[in-house]
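**Q** need coordinates for the following:
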Amino acid sequence: MSRKALAVAAASICIASGLTAVRADESEAARFYKGKQINIIVGSSPGGGYDLYGRLIGRYIAKYIPGAPRVVVNNMPGAASVVAMQNIYNIAPKDGTVIGAVYPQAIMEPLLGDRGKARYDVSKLNFVGSANSELYVCIVRTDTGVKSLDDFLGKDIVVGASASGGSTHDFPNLLKDVLGAKFKVVSGYPGSNEIALAVEKNEVNGACGMGWSSVASTRPQWVNGSDVKVIAQEGISSASELDKLKVEMTMARAGDDQQRQVMNMFYAPLRFGRPFVMAPNVPDDRVAAIRAAFMASLKDPDLLAEAKKMNIDVEGLDGTEMQKLVTDLFQAPQDVVTKARQIIGARM
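**A** Numbering: from 1, shown residues only. Predicted coordinates for the structure are as follows:
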């Protein structure tokens, strides 16, 4: 056999071996997941925005996972998703059968929150990806007389909040510290849905750190409502619908670079506004299979049509890019981190 023929044959063998290895990896994941049940743990109460996304993806992701396992969605609210995160990290199986749909703040908790409470190492998590970039909003009852962001920041009103680490707690406290807001923050509500009900019942006057996608889908009457309305946008980028109504961005009120950097510590994680995670030590082929299935489900025409009917946005972020964003935030200047921790009352 000529040298050329030998080279061609060798190359063919290598290619065939590579294809065989890929098929072996795929079939291994398929063999594992066939007949299994995957549990998506939503780290918030039923009915809120995170629950909507968790259940929407739960209805479609299975058909893209090798082996077509059954997918079940359960809720595990508490401590702004820290309870769910700790369960995923410390208790749940590490075999790729558990996915967490958690608050971004649960990811940031070891950096900005109670480091003793956050019994998990974010750097060891497997990030599946995010279903949407998020924008948060402040809402207020119209019977408070609040007509502008200046009014909202300057009035002695009461805003409802979850526990420390949740956006409804941390974002209003950010506005109090950085922008001098005068409102009182009342914590203790399990999630955003309970806070929304409290606002409607007039238990509290308003709230901040409410996901715009969930407000738009579950309470569209609040956009410019007669009883409750959106009064401010919180994040890096704005929503065109709210821009048309001249709803101001809180970030625009930052007076200097340090204020902008501190606000960025809270707002940058909104880029992974609907994060999904898996435990450490899950086999690489299963992580890859779930990541691929997650991104494929977010492009599913039926999922996108259902999301449109629900009035929620879908903007996929893959797990690798999400990992980089998280790493960059954890490498922020220490003085900025210290200031952010002081704002949310974290133990130093």
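
**Q** from here on, just use CA atoms for contacts and neighbour counts.
**A** OK.

**Q** low-confidence regions, this protein specifically.
**A** 1-26, 165, 346-348 (pLDDT under 70).

**Q** same thing but at 50, please
**A** 4-25, 347-348 (pLDDT under 50).

**Q** show me the contacts for the residue nearest the centre of it.
**A** For the chain, Arg274 is the residue whose C-alpha lies nearest the centre (CA atoms, centre = their mean; 2.8 Å). Going by CA atoms under 8 Å, 6 or more residues apart in numbering, Arg274 touches Tyr50, Tyr53, Ala101, Val102, Tyr103, Pro104, Ser130, Ala131, Asn132, Ser133, Glu134.

**Q** now do Ile344
**A** Contacts of Ile344 by CA under 8 Å, 6+ apart are Leu112, Gly113, Ser164, Gly165, His169, Asp170, Asn173, Leu174.

**Q** what about the contacts of Arg274, which are in helices?
**A** Of the positions in those, Tyr50, Tyr53, Pro104 sit in helices, assigned by DSSP state H.

**Q** ok, now which ones touch the last one?
**A** Just to be clear, that refers to Pro104. Pro269, Leu270, Phe272, Gly273, Arg274, Pro275.

**Q** returning to that earlier point: show me which of the contacts of Arg274 are buried.
**A** Listed as buried from the contacts of Arg274 are Tyr50, Tyr53, Ala101, Val102, Tyr103, Pro104, Ser130, Ala131, Asn132, Ser133, Glu134; burial here means 16 or more other CA atoms under 10 Å.

**Q** now tabulate the residues you listed in CSV and tack on distance to Ala307.
**A** What follows is the buried ones among the contacts of Arg274, written out as CSV (distance: CA to CA, whole Å):
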residue, distance to Ala307
Tyr50, 13
Tyr53, 9
Ala101, 17
Val102, 19
Tyr103, 20
Pro104, 21
Ser130, 15
Ala131, 11
Asn132, 11
Ser133, 14
Glu134, 15
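
**Q** list the buried residues in the helix or strand that contains Ala288.
**A** Taking DSSP states H and E as the criterion, Ala288 maps to helix 284-297. By 16+ other CA under 10 Å, the buried positions in helix 284-297 come out as Arg286, Val287, Ala288, Ala289, Ile290, Arg291, Ala292, Ala293, Phe294, Met295, Ala296, Ser297.

**Q** do stretch 251-269 as well
**A** Within stretch 251-269, the residues that count as buried by 16+ other CA under 10 Å are 251, 254, 259-269.

**Q** can you measure across that stretch, start residue to end residue?
**A** The straight-line separation of the ends of stretch 251-269 (CA to CA, to the nearest Å) is 14 Å.

**Q** then stretch 218-227?
**A** Start-to-end span of stretch 218-227 (CA to CA) is 15 Å.

**Q** for stretch 99-119, same thing?
**A** Start-to-end, stretch 99-119 (CA to CA) is 18 Å.

**Q** how many other residues sit next to the residue lying closest to Gly166 once chain neighbours are set aside?
**A** Residue nearest to Gly166 in three dimensions, not counting chain neighbours: Ala80, with 4.7 Å by CA to CA, 6 or more residues apart in numbering. For Ala80, the neighbour count with other CA atoms under 10 Å is 28.

**Q** quick check: Ala80 vs Gly191, distance?
**A** Taking CA to CA, one finds Ala80 at 7 Å from Gly191.

**Q** next one: Gly58
**A** From Gly58 to Gly191 the distance is 21 Å (CA to CA).

**Q** with Phe330 instead?
**A** Phe330 is 26 Å from Gly191, by CA to CA.

**Q** and these two? which has more neighbours close in?
**A** Neighbour comparison, Phe330 and Gly191: the larger count goes to Gly191, with 28 against 18 (by other CA under 10 Å).

**Q** about what we covered before: show me which of the contacts of Arg274 is closest to Val159.
**A** Nearest to Val159 among the contacts of Arg274 is Tyr103, at 19.8 Å by CA to CA.

**Q** chain neighbours aside, what residue packs nearest to that closest one?
**A** Per CA to CA, 6+ apart, closest to Tyr103 is Ser81, 5.8 Å.

**Q** is the one you found located within a helix, as I assumed?
**A** Yes: the assignment for Ser81 by DSSP: H, G, I helix; E, B strand; the rest coil puts it in a helix.

**Q** roughly how far does it sit from Leu149?
**A** Ser81 is 29 Å from Leu149, by CA to CA.
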